[in-house]
Structure formats: C-alpha cells, structure tokens
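Chemist: Need coordinates for the following:
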Amino acid sequence: MEETQVTGILWWKPQQWEKAKQISSDSHAFDDTYQDWKKAAEKALINFSILGTKVYKIEIDLDELVEWTKKENIPLDSKARSKFVSLKIQRHFETK
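Modeler: The predicted structure follows:
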C-alpha cells in the first residue's frame with residue numbers, strides 16, 4: 001500500500017497575519033497584503049493536492065508561536081514558523 005505524503009501549511013487569520021508581519025524578523029518576506037498571502041496559500045494547497053500530498057491547514061495562536069520561539073531561543077522567521085507547524089502536525093498524528 002502506498003503511503004500518502006502529509007504536510008501542514010500555516011493558516012493565518014487576518015488579524016494574526018498583520019501582527020505576525022509586524023513582529024517577524026523576516027517581515028520583508030511577507031506578501032504585501034493578507035489577501036495576497038491567502039491567494040498564494042490557496043494556490044499552494046492546489047499544487048500540493050495535484051502532487052498527491054495531503055495538506056492540513058494549521059491555524060495557530062500567534063502568542064503560542066511567540067512563546068515557543070522565545071523558549072527555543074530562535075528568531076520568529078519562516079524557519080521557525082515551518083518547524084512550529086511541523087510540530088503541530090506531528091502532535092496531531094501522535095494523538096491518533
């Protein structure tokens with residue numbers, strides 16, 4: 001039986017996206033607007049689906065992410081956000 005690849009994509013709420021953009025060390029890498037980000041994220045979901053990858057939208061609490069980066073002593077950037085989402089996916093499957 002072939003296994004399906006699984007990944008997660010951080011799914012922002014509009015107000016959290018704005019705040020994250022302001023406080024992230026890589027704010028320059030954010031899209032100009034929430035709508036631009038959402039359009040690109042939805043396209044990524046389609047592309048993952050075409051490739052046969054199961055993608056979970058991971059809504060996070062920005063305060064929890066900030067606390068986690070402080071605890072890990074790492075900057076709040078794309079690498080940290082990706083790792084945090086990966087941990088959330090891993091925890092989700094561990095509880096099943």
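Chemist: going forward, measure contacts and count neighbours with C-alpha atoms only.
Modeler: Fine.
Chemist: Strands of this protein, residue ranges please.
Modeler: Applying DSSP state E to the chain gives strands spanning 6-10, 54-58.
Chemist: Give the rounded mean pLDDT of the first one.
Modeler: This points to strand 6-10. Averaging pLDDT along strand 6-10 gives 91.
Chemist: hang on, the earlier thing: looking at the strands of the chain, which is closest to Lys83?
Modeler: strand 6-10 (10.2 Å; C-alpha to C-alpha).
Chemist: Next, the angle strand 54-58 makes with the closest one.
Modeler: 30 degrees (axes from the mean of the first three to the mean of the last three C-alpha atoms, to 10 degrees).
Chemist: need the contact list for the closest residue to Ile9 other than its chain neighbours.
Modeler: Spatial nearest neighbour of Ile9, excluding adjacent residues (C-alpha to C-alpha, 6 or more residues apart in numbering): Lys57 at 5.2 Å. The contact partners of Lys57, taken as C-alpha atoms under 8 Å, 6 or more residues apart in numbering, are Gly8, Ile9, Leu10, Trp11.
Chemist: Which of those residues ranks first by neighbour count?
Modeler: Gly8 (21 neighbours; other C-alpha atoms under 10 Å).
Chemist: What distance do you get for that residue to Lys71?
Modeler: The gap separating Gly8 from Lys71 is 22 Å, by C-alpha to C-alpha, to the nearest Å.
Chemist: Kind regards, and thank you for your time.
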